[in-house]
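Trainee: This is the structure alone, sequence omitted:
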């Protein structure tokens, strides 16, 4: 793994806009003056690790359900019926993303599992593929687009029509959802895109802006937020098949990292993680349902290095062994290893000058060389 | 979950059940303060947990969609949390 300087495409902004990445210049989000290069051996290994970590996460989730450990991983009792309903009825998942620590030589380590509303999909699946077509290389770890289409074909058997809902005021959310709808359409489904706030309830089922029933709904909106809202009690009675399903909360809680460590202590791809303070001298303290690097505190030998602000102050936390991100030319990359239906599907890299990856960390393309 | 009067088959809307509530076929049932008269419970049984707010197939009940009960949709029940940006964990 190495970080290499490359010449940006002269029209890269237009290229990005043509595929829907309209937020490319917000905080210099898209960066193609450099790229990361991997060997095929490194990618093979990362792919295997991703699959294994997902399987372990599913077993850990099963453990939480069997032992009723919901509150331990920060899940409120009000969410449990929806989680168990979707788990027991095996509601289909579509995608997720593991965030991995990796420096090219040591074992990759799981930082967290973004299982409900992972970001950077359009950039990873399409935008960096176009970059690769221009710059070349032996290959790119990227079968996201094809795997998403195949997965939607499976969903078609459950519901031939799927609504795609997002917060319309967010360009990133809207375009990402539009892309996801496009893959579903290519998979043969009828799709309807809409604003999350325009979902209606007619006392029987959820309906769209034309009052047509919503039988299945991809929502780019976190379950823990939906559970705080007026329509939450209708989720189960509606019979609507939500994607991602409520059971993905089991994976997206950072509390699962501590469960994983209990079930697989000293696993080479896990970092020691605990529910309580006192086990680790150096740790990253993370809210179980924090987002985009908010309210994270990095502590080295008892001293706070960095502490970010956010909306999750006072929320349940986990303490994860501090593993400083590797530095490449002073930049710290986090590998976003994508999964579709639990299968490894590609890579997206975010890098930052900070040790905490947040919403403004840059997306940097990658390729396989050698 | 609201109580159902077994004699009149009326629902005591403002009175939450303190005891397990029998649910019988054909009864209109309520949850969370909202009328759900599109669903009728089939199979005589009861909810053992007075705190249960839903009846789901996995709990041994079957709710069949009815033909009536729809009203003009209410909107805005999702999407009010966050600062306009929801993707990104």
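Mentor: Looks like it arrived, so ask away. Bear in mind the structure is a predicted one, so any value in this text is a computation, not a measurement.
Trainee: For chain B, give me its nearest residue in the stretch 251-370 of chain A.
Mentor: residue A:292 (4.9 Å; CB to the nearest CB). For the C-beta atoms, the positions are set from N, CA and C on the backbone; glycine is no exception.
Trainee: Would you mind measuring from that residue to residue A:118?
Mentor: Separation of residue A:292 from residue A:118 (CB to CB, to the nearest Å): 11 Å.
Trainee: circling back: what pLDDT does the residue of the stretch 251-370 of chain A closest to chain B get?
Mentor: For residue A:292, the pLDDT comes out at 80.
Trainee: For the residue nearest to it when sequence neighbours are not counted, give me the pLDDT.
Mentor: Spatial nearest neighbour of residue A:292, excluding adjacent residues (CB to CB, 6 or more residues apart in numbering or on different chains): residue A:359 at 4.2 Å. Turning to residue A:359, the model gives it a pLDDT of 72.
Trainee: in which helix or strand would I find residue A:359?
Mentor: Using DSSP states H and E, no element contains residue A:359; it sits outside every helix and strand.
Trainee: Assess the claim that it and residue A:310 are in contact.
Mentor: No. Residue A:359 is beyond contact range of residue A:310, at 10.6 Å (criterion: CB atoms under 8 Å).
Trainee: which SSE is residue A:259 in?
Mentor: Counting by DSSP H and E, the element that carries residue A:259 is helix A:255-263.
Trainee: remind me which residues of the stretch 51-200 of chain A are low pLDDT?
Mentor: Across the stretch 51-200 of chain A, nothing is flagged by pLDDT under 70.
Trainee: All the strands of it, residue numbers only.
Mentor: A:95-101, A:109-114, A:161-166, A:190-195, A:200-201 (DSSP state E, counting those that start in this stretch).
Trainee: got TSV for those, with mean neighbour count and distance to residue A:30 too?
Mentor: Output for the strands of the stretch 51-200 of chain A, formatted as TSV (neighbours: other CB atoms under 10 Å in any protein chain shown; distance: least, CB to CB, whole Å):
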stretch	mean neighbour count	distance to residue A:30
strand A:95-101	23	18
strand A:109-114	24	20
strand A:161-166	24	20
strand A:190-195	17	24
strand A:200-201	22	36
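Trainee: For the closest residue to residue A:352 other than its chain neighbours, which residues are in contact?
Mentor: Spatial nearest neighbour of residue A:352, excluding adjacent residues (CB to CB, 6+ apart): residue A:361 at 4.0 Å. The contact partners of residue A:361, by CB atoms under 8 Å, 6 or more residues apart in numbering or on different chains, come to A:293, A:334, A:350, A:351, A:352, A:354.
Trainee: show me the contacts for the third one.
Mentor: Residues in contact with residue A:350 (CB under 8 Å, 6+ apart) are A:120, A:333, A:334, A:336, A:357, A:361, A:362, A:363, A:364.
Trainee: Quick check: the closest residue to residue A:42 other than its chain neighbours vs residue A:333, distance?
Mentor: Nearest non-adjacent residue to residue A:42, counting by CB to CB, 6+ apart: residue A:1, 5.9 Å away. Going from residue A:1 to residue A:333 by CB to CB gives 9 Å.
Trainee: These two: which has the busier surroundings?
Mentor: Taking other CB atoms under 10 Å in any protein chain shown, residue A:1 and residue A:333 do not tie; residue A:333 has more neighbours (25 against 19).
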